[in-house]
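A.B. asks: Predicted coordinates and the sequence they were generated for:
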Amino acid sequence: MVRRGNKKAQETWKLISIIIAIVVGIMVILGFTQGWGYIFGKIGWLPNDLVPTTVLCATYASQDSLALSYCGYQELTIDGKKGFYNCDYIHDKAEDTLDEGAGFPKMGGCKITAEKYCEQLKENEDKAFKDSTIVNGETCENWGVTKD
């Protein structure tokens, strides 16, 4: 004879399983539609874009045809500072952070310096531009570019 468990306990576990499935489903939908950073950034599980960006920059550095992407600025969060960073900065930051170095060669030769990028944001009247906008780890004000 098969012994059956408490029917209320079975119903409770079934309800808990359904709730968990709904929450996971919502997270998966949001992850694919809004990006995984939307979910994990709010939870605090993605405090830093340094590691994935280092991998991306290594790809850019390995091919001369991607030099434009290497020198371009991306909106990232590094050391808790949301701002605009290029691969030159990512390379140096990764070398400071990792014992083994950044793991990719530094291309250098980027013509758009952090100061010039701040000036471009200001000239384009970019909504993101403020004196406190961070570019390569420093505010635009520190780079000598202000809204006034």
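C.D. replies: The structure has been received and is ready for your questions.

A.B. asks: where along the protein do the strands fall?
C.D. replies: With DSSP state E applied, the chain shows strands at 74-78, 81-85, 134-135, 138-139, listed in chain order.

A.B. asks: for the chain, what's the longest helix?
C.D. replies: Secondary structure of the chain per DSSP state H: the longest helix is helix 7-34.

A.B. asks: low pLDDT regions in the chain?
C.D. replies: Scanning the chain for pLDDT under 70 picks out 1-5, 34-48, 98-103, 126-128.

A.B. asks: Could I get the full set of helices for it?
C.D. replies: So, for the chain - with DSSP H - the helices run 7-34, 36-43, 50-61, 67-71, 87-97, 114-123.

A.B. asks: what about the ones you listed, which gets the closest to Gly137?
C.D. replies: helix 87-97 (6.5 Å; CB to CB). For every residue, glycine as well, the C-beta is placed using N, CA and C.

A.B. asks: Quick test: name the residue nearest the centre of this protein.
C.D. replies: The residue lying closest to the centre of the chain (CA atoms, centre = their mean) is Asp49, at 3.8 Å.

A.B. asks: ok so, going back, the longest helix of the chain packs against which elements?
C.D. replies: When contacts are defined as 3 or more CB pairs under 8 Å, 6 or more residues apart in numbering; DSSP states H and E, helix 7-34 sits against helix 36-43.

A.B. asks: ok, Lys93 to Glu141 distance?
C.D. replies: Distance, Lys93 to Glu141, using CB to CB, to the nearest Å: 21 Å.

A.B. asks: Tyr73 now?
C.D. replies: In terms of CB to CB, Tyr73 sits 17 Å off from Glu141.

A.B. asks: swap in Ser17?
C.D. replies: From Ser17 to Glu141 the distance is 53 Å (CB to CB).

A.B. asks: Asp88: neighbouring residues, count only.
C.D. replies: Burial of Asp88 is recorded as 20 neighbouring residues (other CB atoms under 10 Å).

A.B. asks: before we move on, the earlier item: name the residue in Lys93 and Glu141 with the higher neighbour count.
C.D. replies: Lys93 (20 against 14).

A.B. asks: For the more buried one, list the residues it contacts.
C.D. replies: Neighbour list for Lys93: Leu50, Ile78, Asp79, Gly137 [criterion: CB atoms under 8 Å, 6 or more residues apart in numbering].
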